[in-house]
Each structure stands twice: as C-alpha cells, then as structure tokens.
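> Output the structure for:
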Amino acid sequence: MSSAASTPRITGLDVTRGFAVMGILAMNIIAFAMPQAAYIAPANWGGDSGIDLAAWALNYVLIDSKMRGLFSMLFGASTLLVIQSAAAAGRSPARSHYARMAVLALFGLGHFYLIWWGDILFLYAAIGSLLYLFRNMAVRRLVIWGAALIGINMLLMGAVIASLALGGASDAPTELAEARTKFEADFAYHSAASVHDAALHRSSYAAIVAEKTGPEKRFSPMASALQFSMETLGLMLIGMALFKSGMLGGTWSLDRLARWRNRCLGAGIAANLGLLAMQISGGMEPLTLLAATFVWSVPFDVIMSVGYAALFMGLAQRFASAPIIARIAAAGRAAFTNYLGTSVLMTSIFYGYGLGLFGEVSRAACYLLVAAVWGLMLLWSKPWLERLHYGPLEWLWRSLARWEMQRLRRN
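Below is the predicted model:
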C-alpha cells in the first residue's frame, strides 16, 4: 500500500496492488450493502437463488479471502521494500517502519469508528509492527513461518466451529446449546440481528458512530487484531518471501510466472468448486458455510492468492506498454486513497446519512456498482499521479510518518 518510485522493478508490484485494491472492493461490497450475516449466508439477506446465488458462488470461488490474502501479501512485500529503501537512503529502518505503522493505526481507528466497521488498517498496523523482526529471514524460513501461523489459525477457528457443532447434540452443555441456537438464529432469513443491523445503517451518522463507540463494539479493532493476528502475519510473511524470491520483485520470467499461475489457480479453483458443491448440496446450512469460509477453504485460498500474484505480475510484464496497465498501476500506487475512498463512497451510497440503500440492492446488482467504482479508480489515479508524486492519503501518511511535509507537486 506504499507508494514507491516508478522503476521497472516496482511496476509489477504497483499493477498487482492495483488489481488487489479493486478486488478488495469486490470482496467487501456485500459487507457495505447488507447485514454482516449476509456475507457468508446468502439466505440471510440478498437472495440464495438465481443470479444472486450465482453472484455469491462466483465470489466464494474466485474472490472471497483470495483478495484479502493477496492484499496482505502485498502489504508484507511493500513493508519490506520500505525498510530496505530507508536503509539505502541512510534513514533509520526501524524508525521509518514503526512510524509508518503508528500513523497507519491512527488511520485505521478513524476508519473504523468514523466510516466503516470493516476496517483492516488497524489490523495491518498492529500485525505489521511485527514484520520488522522478520526482515532478514531467508525465503524458506519465511514460508515455513507463514504456513505454520496460518495452519494454527485454521485449527483454532476449526475448534470454535466444532464447539458450535457439538452444541446441536441432545446432551450438549447448556452454554454450547445456547451458543448454537443463537448462531442459527443470527443467520436465519431476516434474523433479528440482521433487521437491527439494517435499521441501524439506514439511520443517522450519529447513531452509527454511537453504536461503534458504545460498550459492545468499542474495542472491536483490538479484538479483530487478536482474532486474525496469526493468519494475517502468516500471509504477510509469505508476501515478504515472494518479494525476496523475485516473484513480487519483478525478476521472474513470464514462463515461470505462468507455471505458478496455472498450478496455483488451477488447484485452488478446483478445490473451491468442490467446496461450493458441498455447501449447495448440503442446503446452505450456516455452520457448513462458516466452516467452508474460515477453515476448509483456507489452504486453497492462500494458494490462489499466490496464483493471482503470479497472474498480475505476468500481465504487468507482458502488457507493460498497454494504457490500461498504466492506469491499473496508478490505482495501485494510490491504493491507500482508493481503499479509504471506496469506504467513504460506499457508505455514502448505502447508509442512512447518504442515499440510504442499505439492504435494498440485490446481491448481483451490487457488482454493477463495483464495476462503476473500478472505473472511477482507473479514471482519477493516473492523471493525478502524472502531476503529483503521491495519492492524497499516501502523501498525508508519508508526511505524518516522517513528521515533515513531503513535496507533492512534480516539477
């Protein structure tokens, strides 16, 4: 998410980041437009038949978790690049890194409390602070650490889901039985929790902020950082490994990138299609959907994230002179602004203080809006960066982290 000087080595990373920030919007759109339970369970809100079911299925197989994984890997790669660049420029790598993470944490808290509940910036800042400890680690060890952390997180999530499954037994302890009953109630069609969620987000800005700053959700960013810490750190370490290996550094040949693209995407898509069939044949039972999203698909999602990295790096190399690639690279250089900008735009469209369309747009129609916003990203990013060194929020982040106003306008 950092801006870097435009060099051949960095262009592919910018292009891949551009694709990733566009993909993140496609992944998050339902979380902007509908109650939280609808993201996993289409029967809760937004439709589980026809074109709406097809939209959910395509998201599950191709986008969900894969784009978050890619974004996390790119964050790890970019963080390592910033550390190396600071050392090369004679600045303190540690100070540069931790100052960036501190400012990013403030952005994240502001994003969560004032704009949108789905923030990942505070999570990235908190977990990214640990990356400095791994900066000199070899590629093989980074991959081993990354895979181990992701695997441990899978086991922990699996244990939670297994406990919910046990709550359905006739002799289950009272606490487990109550947790299972509440879980099923929350994911049911237009559940009380989802109706409350819809009513809240169709209300005023003050009411939405009050909910997030209230006693129940006040510490949600910190809780999220703990809950997803191992998986996020693991993905970031794999990103650092991909950068050090040369994939995200732009040194791999097109043939090598193609081999990794075909193997990773082929295996991942095949596995996720199998999981999709299992969920549909099982009647889209909420506990199965939860397990398929947070446990069973995880190894294949990580593999697909690597495959997408190879795909996008290959596109950047093969079509380096294409105008569309230049626009996607610009969107990637301004990924921080595009990420936060889409939150402002989407909440203004769906929340009550804007157009108030929360819960009113069908699942499939949401993706038409995604395509329109992709167009906006590609439209503004390139002309802005032709005149200025950074995106507006990239400039602010860098200026605050260095405690010095950075030169914005190009000569």
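
> Distance check, the nearest residue to L376 once chain neighbours are set aside against G118.
Among residues not flanking L376 along the chain, L345 sits closest, at 7.9 Å (Cβ to Cβ, 6 or more residues apart in numbering). Quick note: C-beta positions are derived from backbone N, CA and C, even for glycine. Remark: distance between L345 and G118 (Cβ to Cβ, to the nearest Å) = 14 Å.

> got it, and M154?
Taken as Cβ to Cβ, the span from M154 to G118 is 22 Å.

> What of L106?
For L106, the distance to G118 - Cβ to Cβ - is 18 Å.

> Next: V82.
From V82 across to G118, the span is 25 Å (Cβ to Cβ).

> what do you get for L130?
L130 is 22 Å from G118, by Cβ to Cβ.

> ok, now L357?
Applying Cβ to Cβ, the value for L357 to G118 is 17 Å.

> cool, and M101?
Taking Cβ to Cβ, one finds M101 at 20 Å from G118.

> more neighbours, the two?
Using other Cβ atoms under 10 Å as the criterion, M101 and G118 rank with M101 on top: 20 against 16.

> Tell me, how many residues neighbour T11?
As a burial measure, T11 scores 21 neighbours (other Cβ under 10 Å).

> Could I get the average pLDDT for whichever strand or helix holds it?
Using DSSP states H and E, T11 sits within helix 8-33. Throughout helix 8-33, pLDDT has a mean value of 91.

> and after that helix, which helix or strand comes next?
Using DSSP H and E, the helix or strand that directly follows helix 8-33 along the chain is helix 37-40.

> Now do that next one: everything it contacts.
Helix 37-40 has contacts (Cβ atoms under 8 Å, 6 or more residues apart in numbering) with 30-31, 44-46, 186-187, 191, 193-194, 197, 286, 289-290, 293, 363.

> Which single one of those is nearest to V370?
Closest approach between the contacts of helix 37-40 and V370, by Cβ to Cβ: I30, at 10.2 Å.

> residue contacts, the closest one?
Contacts of I30 by Cβ under 8 Å, 6+ apart are 38-39, 46, 59, 363, 366.

> Please enumerate the strands of the stretch 301-411 of the chain.
Remark: no strands are assigned in the stretch 301-411 of the chain by DSSP state E, counting those that start in this stretch.

> show me where pLDDT drops low in it?
Scanning the stretch 301-411 of the chain for pLDDT under 70 picks out nothing.

> at 80 what do you get?
411 (pLDDT under 80).

> which of the residues in the helix or strand harbouring T288 are buried?
For T288, the host element (DSSP H and E) is helix 286-291. By 16 or more other Cβ atoms under 10 Å, the buried positions in helix 286-291 come out as 286-291.

> And the contacts of that helix?
Contact partners of helix 286-291, identified using Cβ under 8 Å, 6+ apart, comprise 40-41, 158, 161, 164-165, 183-184, 187, 278-279, 282.

> From R218, how far off is the residue most central in space within the chain?
The chain has R68 as the residue nearest its centroid, 3.1 Å off, counting by Cα atoms, centre = their mean. In this view, R68 and R218 are 24 Å apart by Cβ to Cβ.

> Equivalent analysis for A172, please.
Separation of A172 from R218 (Cβ to Cβ): 32 Å.

> With neighbour numbers in mind, choose between these two.
A172 (16 against 12).

> Now the more buried one, what are its backbone angles?
phi -70, psi 150 (degrees, to the nearest 10).

> list the contacts for it?
Contacts of A172 by Cβ under 8 Å, 6+ apart are 166, 180.

> do M154 as well
Applying Cβ under 8 Å, 6+ apart to M154 gives the contacts 231, 295, 298-299.

> same check, this time on I324
With contacts defined as Cβ under 8 Å, 6+ apart, the neighbours of I324 are L378.

> Same question for the one 5 residues further on.
With Cβ under 8 Å, 6+ apart as the criterion, the residues that contact A329 are 11, 14-15, 18, 316.

> do V361 as well
33, 350, 369.

> redo that, cut-off 7 Å
V361 makes contacts with A33, as judged by Cβ atoms under 7 Å, 6 or more residues apart in numbering.

> likewise M284?
M284 touches 41, 43, 48, counting by Cβ under 7 Å, 6+ apart.

> ok, back up a step: confirm the residue nearest to the centre of the chain sits in a strand?
No. Judged by DSSP: H, G, I helix; E, B strand; the rest coil, R68 forms no part of a strand; its state is helix.

> quick one on the thing from earlier: looking at the contacts of M154, which is nearest A225?
E231 (11.5 Å).

> So the closest one sits against L155, correct?
No. Using Cβ atoms under 7 Å, E231 makes no contact with L155, being 11.2 Å away.

> With neighbour numbers in mind, choose between these two.
Neighbour count, other Cβ under 10 Å: between E231 and L155, E231 has more, with 26 against 10.

> Let me see the contact set for that one.
Contacts of E231 by Cβ under 7 Å, 6+ apart are 149-150, 153.
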